[in-house]
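Enquirer: Give me coordinates for this.
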Amino acid sequence: MTFYPNERIGLFIDGANLYSTSKSLEFDIDYRKLLEEFRKLGRLVRANYYTALLETEDFTPLRPLVDWLDYNGFSLITKQAKEYSDETGRRRVKGNMDVEMTVDLVEAANYLDHIVLFTGDGDFRYAIAAVQRKGVRVTVASSLKASPPMVSDDLRRQADAFIDIMDLKDKIGRAPGSRPARPQNNNDGDED
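Expert: Residues are numbered from 1 along each chain as shown. Have a look, this model is predicted:
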């Protein structure tokens, strides 16, 4: 993976897709480490995280993550998920963020040099092509090492580069269910 020190980088994370990929690879993403890793590679300008939330429940397991991301350097793009019953009567939840991500990708091509797209969804192939026509390099981050592979072949071929999430495990991962270390407080004894 090639990054240049002064290039303006943007991360665009399909939250549901990255979650599924990391679960398949049997590790959790440490989002603090993820930001740190990409800050080392260039000028990180944007880190967008996209997810749909089911607001009808009192508590969703996604809420603590969403709150943490919102306060720690990520721009959170959410929408309300739709709940429905399928033909067998099973409860289903739908919350596709593809349109939001596509619009943001195309707009970001005006101020970024390199976009890292965390998804394996082949529907983004044409959006990547549009961004590339504006001169922006696109790296797709997903996994071929997951079982089954989590990235569309068309998406991988369209991208300028591909990063397998499994290859980043030592840099951005943590054991499933473990909590990241609490940051040191440098406020001279004053706690927030």
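Enquirer: other SSEs contacting the strand or helix carrying V138?
Expert: Take DSSP states H and E as the rule and V138 turns out to sit in strand 137-142. Packed against strand 137-142 by the contact rule (3 or more CB pairs under 8 Å, 6 or more residues apart in numbering; DSSP states H and E) you find strand 114-118, helix 125-133, helix 153-158, strand 161-164. Yep, even glycine has a C-beta here, placed from its N, CA and C like the rest.
Enquirer: Packing partners of the helix or strand hosting V106?
Expert: Using DSSP H and E, V106 sits within helix 98-108. Helices and strands touching helix 98-108, by 3+ CB pairs under 8 Å, 6+ apart, are strand 8-14, strand 43-53, strand 75-80, strand 114-118, helix 125-133.
Enquirer: sorry, back to before: mind putting the helices and strands packed on strand 137-142 into a markdown table with distance to D98 and mean pLDDT?
Expert: Below are the helices and strands packed on strand 137-142 laid out as a markdown table (distance: least, CB to CB, whole Å; pLDDT from 0 to 100):
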| stretch | distance to D98 | mean pLDDT |
| --- | --- | --- |
| strand 114-118 | 12 | 98 |
| helix 125-133 | 8 | 98 |
| helix 153-158 | 12 | 97 |
| strand 161-164 | 20 | 97 |
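Enquirer: Contacts made by the helix or strand of the chain with the lowest mean pLDDT with the rest, please.
Expert: Among the helical and strand segments of the chain, the one scoring lowest on mean pLDDT, DSSP states H and E is strand 91-94, with a mean of 73. If you take CB atoms under 8 Å, 6 or more residues apart in numbering as the criterion, strand 91-94 is touched by A52, L54, A81, K82, E83, Y84, S85, D86.
Enquirer: For the last one, which non-adjacent residue is closest in space?
Expert: In other words, D86. R92 (5.1 Å; CB to CB, 6 or more residues apart in numbering).
Enquirer: Mind listing the residues bridging to the one you found?
Expert: Y84 (DSSP bridges).
Enquirer: show me where pLDDT drops low in the chain?
Expert: Low-confidence segments of the chain (pLDDT under 70): 1, 55-61, 177-192.
Enquirer: Tell me which of the helices and strands packed on strand 137-142 sits most buried.
Expert: Ranked by average neighbour count under the criterion mean count of other CB atoms under 10 Å, the helices and strands packed on strand 137-142 are headed by strand 114-118 at a mean of 25.
Enquirer: Tell me which strands it pairs with, and in which orientation.
Expert: In the sheet, strand 114-118 lines up against strand 8-14 (parallel), strand 137-142 (parallel) (DSSP bridges).
Enquirer: packing partners for the helix or strand that comes right after the longest one?
Expert: This means strand 8-14. Remark: after strand 8-14, the chain's next helix or strand is helix 15-24, criterion DSSP H and E. On a contact count with 3+ CB pairs under 8 Å, 6+ apart, helix 15-24 meets strand 28-29, strand 43-53.
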